[in-house]
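K.L.:
Pasted the sequence and its predicted model underneath.
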Amino acid sequence: MELQGRKPVSIFTGVDEDVFLRDIYPQRRPALLRGVDLGPCVDKWTVDHLARNGGDKEVKIHVAAVPQMDFLRKNFAYKTLPFSELVKRASEEKHSDFFLSEDERYYLRSLGEDVRKEPADLSRQFPVLAADFRVPPFFAPDQFFSSVFRISSSGLQLWTHYDVMDNLLAQVTGRKRVVLFSPQDALHLYLSGDKSEVLDIDSPDPKRFPDFAKAGRYECVLEPGDLLFIPALWFHNTVALQFGVGVNVFWRHLPAGSYDRNDPYGNRDPVAAARALQALERALHALDELPADYRDFYGRRMIQRIQRRTSRGGREDSEGTGPTSQRSKQ
């Protein structure tokens with residue numbers, strides 16, 4: 001399958017709060033920011049430093065015997081390890097102690113103290129390490145939602161998905177490839193919920209996923225100290241080119257009432273969108289009462305109405321959704 005041309009993610013240097021809010025954020029496109037001060041973590045977060053200062057608290061991790069993790073089919077196991085042991089194993093290529101195989105790979109996505117109620121917060125789960133990390137001041141403090149600690153073995157690839165909040169991915173150590181797809185290409189990505197069914201995005205099966213080649217692809221490689229702005233609804237897929245440690249910082253860029261209050265992960269669709277999707281399911285069930293030709297006809301009418309109602313004419317419209325507009329109301 002011949003894929004669309006790979007477009008590089010735009011790189012910006014010397015970005016401060018004013019530049020980000022004025023020149024980058026309103027574009028609603030991914031941006032790689034270099035030279036932003038992330039604090040001493042870039043130099044300090046060696047394997048030994050992490051193991052000594054991260055503590056021995058038990059952390060829940062993903063363990064995979066294959067490089068490409070598939071959340072839809074769950075080709076990995078959930079396990080727990082002391083944090084210091086996780087860091088040690090994740091930095092290794094071969095393991096003397098293992099769960100599945102000697103070359104298994106590890107992935108940590110940190111969780112809140114009460115995983116069903118509290119979002120992850122680096123300053124609460126790993127306070128000593130958090131002191132080394134400086135959160136970029138690109139959004140108002142009351143918009144903060146979570147700071148997620150991520151650790152990945154070399155070679156591990158995460159599934160393609162989208163988030164409903166804007167976020168900054170700080171790559172503290174190691175190198176990581178990130179591939180992104182625009183929300184406007186959602187129909188080409190074979191979605192199941194917020195995740196794509198296309199596991200191998202570099203060599204997708206043309207028979208199963210013939211339209212995937214139509215999706216435009218943006219790509220970058222994050223170096224230690226880089227910061228990637230990922231706007232809400234942009235799909236992203238990551239490959240750890242080396243053992244790596246990073247921090248995702250998510251913030252609420254829509255009014256607070258737009259989000260599901262019972263969502264500690266911050267990945268449920270906004271309340272209004274969830275209601276709309278539920279209404280669509282009810283409408284589709286109603287169409288099942290009709291003969292096939294009627295279902296086809298009224299289904300096409302529904303598609304036409306949705307397209308007319310939601311079309312933005314190809315223009316990026318960020319009015320009223322960003323930090324600038326939020327702050328003007330404070």
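P.N.:
Happy to help now that I have it.

K.L.:
give me the low-pLDDT residue ranges for the stretch 1-150 of the chain?
P.N.:
Counting by pLDDT under 70, the stretch 1-150 of the chain has low-confidence residues at 1-5.

K.L.:
Quick one: the helices in it, in order.
P.N.:
For the stretch 1-150 of the chain, applying DSSP state H, counting those that start in this stretch gives helices covering 17-19, 41-44, 47-53, 83-90, 122-125, 127-130.

K.L.:
Can you lay out those as CSV showing mean neighbour count?
P.N.:
C-betas here are computed from N, CA, C, even on glycine. Putting these into CSV (neighbours: other Cβ atoms under 10 Å) gives the following:
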stretch, mean neighbour count
helix 17-19, 12
helix 41-44, 18
helix 47-53, 17
helix 83-90, 21
helix 122-125, 17
helix 127-130, 16
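
K.L.:
Which one, of those helices, ends up nearest to N248?
P.N.:
helix 122-125 (9.7 Å; Cβ to Cβ).

K.L.:
who does that closest one touch, helix- and strand-wise?
P.N.:
On a contact count with 3 or more Cβ pairs under 8 Å, 6 or more residues apart in numbering; DSSP states H and E, helix 122-125 meets helix 127-130, strand 144-152.

K.L.:
Name the residues that touch that helix?
P.N.:
K57, S110, L111, G112, E113, L129, A130, F133, S147, V148, F149, V247 (Cβ atoms under 8 Å, 6 or more residues apart in numbering).

K.L.:
Do I have it right that the first one meets L81?
P.N.:
No. Under the contact definition of Cβ atoms under 8 Å, K57 does not touch L81, with a separation of 10.1 Å.

K.L.:
Compare the two (neighbour count), which wins?
P.N.:
For K57 versus L81, neighbours defined as other Cβ atoms under 10 Å are more numerous around L81 (21 against 11).

K.L.:
partner residues bridging that one?
P.N.:
Residues in a beta bridge with L81, per DSSP bridges, are V59.

K.L.:
Report the contact partners of it.
P.N.:
Contacts of L81 (Cβ under 8 Å, 6+ apart): E58, V59, I61, R89.

K.L.:
try D288
P.N.:
D288 neighbours (Cβ under 8 Å, 6+ apart): R295.

K.L.:
and the gap between it and D226?
P.N.:
Noted for D288: a distance of 50 Å to D226, by Cβ to Cβ, to the nearest Å.
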